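>>> missing the sequence, but the structure's below:
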């Protein structure tokens, strides 16, 4: 186990007391109240893959965040307990350590908070509360021993906070950079990008204005601004009913409605985006900017998985936040979302550039995760 765990840590750039980062990424931020350790990461890895933490014994974190699929599921919207589907596309866990909020609407501030929600959502884990999870853990000698070693607690003292911290620690090791773009832009390798990819980079930072939200910094690139924008996705589902839908949701929220459950079980509420969290009318339909790293491996795209290919995504932006030129424009559209007038070659080059954001070794991350559970 130590040999296999060490391989996980090397791939993630883990060293005792800090997490370094691959080319193109900053050091991984580690919260002061949840420091990393090899034992905690190993425990989190096991918890991440345990299907017993669901009502039918078939759903784990890895169900929707599959290492073999770049830590997503490649489904339009994810399937959970008894094959039920929600309303949201599963974002990749890769580089989620850098996200300032989690979920598409940012309803949890960190990985620790995020990990507690899926098991008790009726269309994900299907559990009524966290008690069944703790019951499984407290009766498992291996878990009891690990939690004692990591958190110095007996079986009776294990809490969901401990579980969440272990899972989050594991997720913070799932880091990937060193893409062809990184080797060109930060490593000085002038041969790392093809001519088409170089032209695509110019479109990305120029006429395409992609860099406005998918940020490239002087020494690093997360390819997100960690902010929320209404780009027009899903607008048609609540067009003409925006105010009514928002008012109904606010009333149910005042009556104690759970936001996590509401956005995954009520399609109209899901399309409210960030508004469901902040109650700020300017954020109706606004969703978090996803990272573009490894984007070629995480189709389909957008919060609702409505765009199947990168070509579809480029066309959507080229049409100013519409699938077709004839589609109506959202009245809540963020500034800067307007037709781009890209040529066919520019669109093709832009796709080529995004494909150059794929990191090497993703298959190694998948195989390593599997080896830890042999």
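Received the coordinates, thanks. None of these values were measured; they are calculated from a predicted model.
>>> what's the helix or strand hosting residue 314 packed up against?
Assigned by DSSP states H and E, residue 314 belongs to helix 310-318. Applying 3 or more C-beta pairs under 8 Å, 6 or more residues apart in numbering; DSSP states H and E, we find helix 310-318 packed against helix 344-355. For glycine as for every other residue, the C-beta is placed from the backbone atoms N, C-alpha and C.
>>> what residues of the helix it packs on count as buried?
Going by neighbour count (16 or more other C-beta atoms under 10 Å), the buried part of helix 344-355 is 346, 347, 348, 349, 350, 351, 352, 353, 354, 355.
>>> which secondary structure elements does that helix contact?
helix 195-205, helix 310-318.
>>> and the helices in the stretch 101-250 of the chain?
111-116, 131-139, 141-151, 160-171, 180-185, 195-205, 235-238, 242-254 (DSSP state H, counting those that start in this stretch).
>>> least confident of those, on average?
Among the helices of the stretch 101-250 of the chain, helix 235-238 has the lowest mean pLDDT, at a mean of 82.
>>> what about that one, distance to the chain center?
Distance of helix 235-238 from its chain centroid, counting by C-alpha atoms, centre = their mean, to the nearest Å, is 23 Å.
>>> hang on, the earlier thing: and the helices and strands packed on helix 344-355 as TSV, adding distance to residue 160?
Output for the helices and strands packed on helix 344-355, formatted as TSV (distance: least, C-beta to C-beta, whole Å):
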stretch	distance to residue 160
helix 195-205	41
helix 310-318	37
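>>> tell me how many other residues crowd the closest residue to residue 148 other than its chain neighbours.
Nearest residue to residue 148 in three dimensions, chain neighbours excluded: residue 154, at 6.7 Å (C-beta to C-beta, 6 or more residues apart in numbering). Neighbour count for residue 154, taken as other C-beta atoms under 10 Å: 11.
>>> so what does residue 154 look like in phi/psi?
phi -80, psi 170 (degrees, to the nearest 10).
>>> re the thing from before, now the helix holding residue 314 against helix 344-355, angle please.
120 degrees (axes from the mean of the first three to the mean of the last three C-alpha atoms, to 10 degrees).
>>> can you list the buried residues in helix 310-318?
310, 313, 314, 315, 316, 317, 318.
>>> please apply the same query to stretch 62-69.
62, 63, 64, 65, 66, 67, 69.
>>> find me the pLDDT at the last one, would you?
According to the per-residue confidence, residue 69 scores 96 in pLDDT.
>>> which one is it nearest to, not counting chain neighbours?
In space, residue 69 is closest to residue 297, 7.3 Å off (C-beta to C-beta, 6+ apart).
>>> could you list the residues in contact with stretch 118-129?
53-56, 59, 61, 64, 78, 80-82, 84-86, 117, 130, 133, 260-261, 264-265 (C-beta atoms under 8 Å, 6 or more residues apart in numbering).
>>> and those, which of them are buried?
Buried among the contacts of stretch 118-129 (16+ other C-beta under 10 Å): 53-55, 59, 61, 64, 78, 80-81, 84, 86, 117, 130, 133, 260-261, 264-265.
>>> residues in contact with residue 155?
By C-beta under 8 Å, 6+ apart, the neighbours of residue 155 are 137, 138, 139, 144, 147.
>>> against residue 161, how distant is it?
15 Å (C-beta to C-beta, to the nearest Å).
>>> one more: residue 67?
From residue 67 to residue 161 the distance is 25 Å (C-beta to C-beta).
>>> show me the contacts for residue 264.
Residue 264 neighbours (C-beta under 8 Å, 6+ apart): 86, 87, 88, 121, 123, 124, 270.
>>> going by neighbour count, which of those comes out on top?
residue 124 (26 neighbours).
>>> all strands of the protein, in order?
With DSSP state E as the criterion, the chain has strands at 14-15, 18-19, 228-229, 287-288.
>>> spell out which residues make up each domain of this structure.
2-175+362-371, 180-231+288-355, 235-284 (automatic domain parsing).
>>> average pLDDT across stretch 323-331?
Mean predicted confidence for stretch 323-331 is 79.
>>> end-to-end on stretch 174-191?
Stretch 174-191 has an end-to-end distance of 27 Å (C-alpha to C-alpha, to the nearest Å).
>>> contact partners of it?
By C-beta under 8 Å, 6+ apart, stretch 174-191 touches 12-13, 19, 21-25, 28, 71, 93-97, 192-193, 197-198, 201, 216, 219-221, 293-294, 353, 356-362, 365.
>>> let's go with 7 Å and repeat that
Applying C-beta atoms under 7 Å, 6 or more residues apart in numbering, the contact partners of stretch 174-191 are 12-13, 21-25, 28, 71, 93-95, 97, 192-193, 293-294, 356-362, 365.
>>> for the stretch 1-150 of the chain, what are the low-confidence residue spans?
1-19 (pLDDT under 70).
>>> at 80 instead, please
1-20 (pLDDT under 80).
>>> ok, and the closest non-adjacent residue to residue 219?
residue 186 is the one closest to residue 219 (C-beta to C-beta, 6+ apart), at 7.1 Å.
>>> repeat for residue 212
Nearest non-adjacent residue to residue 212 (C-beta to C-beta, 6+ apart): residue 336, at 6.0 Å.
>>> measure the one you found to residue 292 for me?
17 Å.
>>> neighbour-wise, which of those two wins?
Legend: neighbour count by other C-beta under 10 Å for residue 336 and residue 292, higher for residue 292 (24 against 11).
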